[in-house]
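Trainee: A predicted structure for the sequence below; I have some questions about it.
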Amino acid sequence: MAVACGPPNGEAPEARAPAGTPAGDNGPAVTPSASAPADSIDWAAVDQALGRKGEMQPGEVRKFAMPRGDLRVTAGGVQIKPALALGSWLAFKQKGDGAVAMGDLVLTEKEYTQVMARLQQGGVGQTAVHKHLPEESPAIWWTHIHAEGDPVEIAETVRAALVLTGTPAQEFRASSGAIELDTAALSGALGRGGKVSGGVYQVSVPRAETIRAGGMEVPASMGTATALNFQPTGGGKVAINGDFVMIAEEVQPVIMALKTNGIQIVALHNHMLDEEPRLFFMHFWANDDAVKLARGLRAALDRINLAPSGGSRAGTAPPAGGTSTTRR
């Protein structure tokens, strides 16, 4: 099911980009400045502009986790942990004298319109809006953003937009402690290992191909890896959520594999505007026996052109506090 990239409840107020920020194929650009010289980006300045500390990820990506710990969201009778499906994130990668930024913001319906207007005023474009969960309450919209230019200006704009939400301002530290889940059994069923973050077992699986957009490589750490997240719900069961990253010919085989194994398709859409090869992202949901669901996910993984398990493709670590991609 395709999802339009417009606001969920009417159109956002018209917003004008600042002078010198022409619109491009991936949304309005932000004017480059001297704060991002060609040989280096001052990441400390970007951290300060966003008001939180980022972490370097494989592929020379600076990533920020912004989990919505303020929200109490339920889906299918399960209270959703931020690390399962409620993690906003923003990632930067140097390009020329500036940077490309991509991210995914978790927004309530009340927040959506004003946040989009504020982002557009600062030259940050929108590339997708859709659902990750079935019949969640309260209603949430996951909104992908894109900008190119001065990373400090981009960070300042995103921070100004986040102020309009309930996103916690404090630095996030994901718990990596014990979890009531046999993660070894899950890894065995999936054929892939993962990590515990925020009470959720997260597995990130990059594609074998190099993904490019806007003239640069997009590492897996900027949202091009399949994300599989497992939240324990008791009695050996888990709620699963995340997204499969596929090319066109893989979509129907993956849908059939998931449905055959009792896994619901929540949404099918794009996240970017000009990536090569063209990618389709499919979000899923189920709440059942953990190993049974892991085997079902493995059946779907087997239909995708993935990097070898344990390979060295850049950016395989999932983002803390959200669906792994971070990919998000």
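Mentor: Structure received. Numbering: from 1, shown residues only.
Trainee: in the host helix or strand of residue 101, what's buried?
Mentor: If you go by DSSP states H and E, residue 101 is part of strand 98-108. For strand 98-108, a neighbour-count test (16 or more other Cβ atoms under 10 Å) marks 98-108 as buried. Every C-beta, even on glycine, is put in place using the N, C-alpha and C of the backbone.
Trainee: let me know the average pLDDT across stretch 230-238.
Mentor: Mean pLDDT, stretch 230-238: 98.
Trainee: over to stretch 46-56?
Mentor: Averaged across stretch 46-56, the pLDDT comes to 97.
Trainee: now do the end-to-end distance for that stretch.
Mentor: Start-to-end span of stretch 46-56 (Cα to Cα, to the nearest Å) is 12 Å.
Trainee: likewise for stretch 203-210?
Mentor: Stretch 203-210: ends 20 Å apart by Cα to Cα.
Trainee: which of the residues in that stretch are classified as buried?
Mentor: Those would be 203-207, for stretch 203-210 by 16+ other Cβ under 10 Å.
Trainee: same check, this time on stretch 105-122
Mentor: For stretch 105-122, the neighbour count (16+ other Cβ under 10 Å) marks 105-108, 111-113, 115-122 as buried.
Trainee: stretch 227-244 spans what distance, first to last residue?
Mentor: End residues of stretch 227-244 are separated by 7 Å (Cα to Cα).
Trainee: revised request: answer the last question for stretch 84-104.
Mentor: Distance between the two ends of stretch 84-104: 14 Å, counting by Cα to Cα.
Trainee: that one: how far from the chain's middle?
Mentor: 9 Å (Cα atoms, centre = their mean, to the nearest Å).
Trainee: repeat for stretch 194-204
Mentor: Centroid displacement of stretch 194-204 relative to its chain, using Cα atoms, centre = their mean, is 14 Å.
Trainee: what average pLDDT does that stretch get?
Mentor: pLDDT averaged over stretch 194-204 gives 97.
Trainee: contacts for stretch 257-267?
Mentor: Stretch 257-267 is contacted from outside by 1, 3, 130-134, 240, 255, 281-286, 288, 292-293, 295-297, 299-300, 302-303, using Cβ atoms under 8 Å, 6 or more residues apart in numbering.
Trainee: mind checking the SS state of residue 221?
Mentor: Classification of residue 221 by DSSP: H, G, I helix; E, B strand; the rest coil places it in helix.
Trainee: what is the burial count for it?
Mentor: 32 (other Cβ atoms under 10 Å).
Trainee: gap between the nearest residue to residue 217 once chain neighbours are set aside and residue 182?
Mentor: Setting aside the residues directly before and after it, residue 217 is nearest to residue 210 in space (Cβ to Cβ, 6 or more residues apart in numbering), at 5.8 Å. Remark: distance between residue 210 and residue 182 (Cβ to Cβ, to the nearest Å) = 35 Å.
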